[in-house]
Structure formats: C-alpha cells, structure tokens
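**Q** got a structure for you, letters missing:
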C-alpha cells in the first residue's frame, strides 16, 4: 500500500509540474528608488547599485546610454536579455529576448521570472544601502 501511495504521489507531482511549464512574463515597471532615510540619490548612484546587484547574481550589464543598461544572464544553455532603465526616482526591468526559455506570446519559463524577482530584490537591497 505504501509503495502504491508513493507512486501515486510522484505521478501527481509530475502531472502538476508539467502544467506549469510557462507563465506570463513579469516585468518590473517604475519601481521606486528608495534609499536610506534622508539620503539624496543621484542617477549615477542608482546605476552603481544596479550594477552591484546584477553582478552579485551573475548578470552581465552593459551601459547602452545614460540611464539604460542591457542585462544578460546565461545559465547553461539558457539566456535571458533585459533592458534596465533608471533615473533618481525609479527603475524598470523589461524583457528583451531569451534563448531556451520557451518564450512565446508573452509567456516564458518560470525560471526567468525567478531571475527577475531576485534581481529586483537585490537592486532594492543595494539602493537601501546608499
């Protein structure tokens, strides 16, 4: 009986896991720049915080223009490319392209959204230390 229960649970987990192969792409739009209380923030400070956060998570960031980075994260055969726009008030992280992340019709592999969530959290942490 135990063996049957174990097999049934494994089959159910595989079936449910197979249903969640893609999900909507989640961008970060106009996230407020929040620094330590009483601190004035310059756009350069925001850019430095974004670079530190990205590098700490394995993102390669390239400055395209003032207030704009292109970010690339590659893990094995998977690649995500994003645009990060920022100024002293807010920043946004937007999907640009990917390889082997099943992107189609505004949907993508859940790992991409996890990467973006982690990047957003790291940026907020770096900004809080300004």
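**A** Looks like it arrived, so ask away. None of these values were measured; they are calculated from a predicted model. Numbers count the residues shown, from 1 in each chain.
**Q** can you pull the contacts of the most centrally placed residue in the chain?
**A** Nearest to the mean C-alpha position of the chain, by C-alpha atoms, centre = their mean, lies residue 116 at 0.9 Å. Neighbouring residues of residue 116 by C-beta atoms under 8 Å, 6 or more residues apart in numbering: 26, 27, 28, 82, 93. Bear in mind the C-beta positions are built from the backbone N, C-alpha and C, glycine included.
**Q** got it, and residue 30?
**A** Residue 30 neighbours (C-beta under 8 Å, 6+ apart): 90, 91, 92.
**Q** re earlier: need the max-distance pair from the contacts of residue 116.
**A** For those, the maximum inter-member distance is 11.4 Å, found between 26 and 82 (C-beta to C-beta).
**Q** neighbour count winner among those two?
**A** Neighbours were counted for residue 26 and for residue 82 using other C-beta atoms under 10 Å; residue 82 has more, 25 against 16.
**Q** wait, is that one part of a strand?
**A** Yes. Counting by DSSP: H, G, I helix; E, B strand; the rest coil, residue 82 is located in a strand.
**Q** still on that earlier bit, and the residue nearest to the centre of the chain, that's in a helix?
**A** Yes. Under three-state DSSP, residue 116 falls within a helix.
**Q** isn't residue 56 up against residue 121?
**A** No. Counting by C-beta atoms under 8 Å, residue 121 is not a contact partner of residue 56; they are 10.9 Å apart.
**Q** so where do the strands sit in this structure?
**A** 23-24, 28-32, 60-65, 68-75, 78-86, 90-99, 107-108 (DSSP state E).
**Q** thinking again about what came up before, now the contacts of residue 116 in JSON lines, with pLDDT and distance to residue 107?
**A** Formatted as JSON lines, the contacts of residue 116 follow (pLDDT from 0 to 100; distance: C-beta to C-beta, whole Å):
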{"residue": "26", "pLDDT": "97", "distance to residue 107": "11"}
{"residue": "27", "pLDDT": "98", "distance to residue 107": "13"}
{"residue": "28", "pLDDT": "98", "distance to residue 107": "18"}
{"residue": "82", "pLDDT": "98", "distance to residue 107": "16"}
{"residue": "93", "pLDDT": "98", "distance to residue 107": "18"}
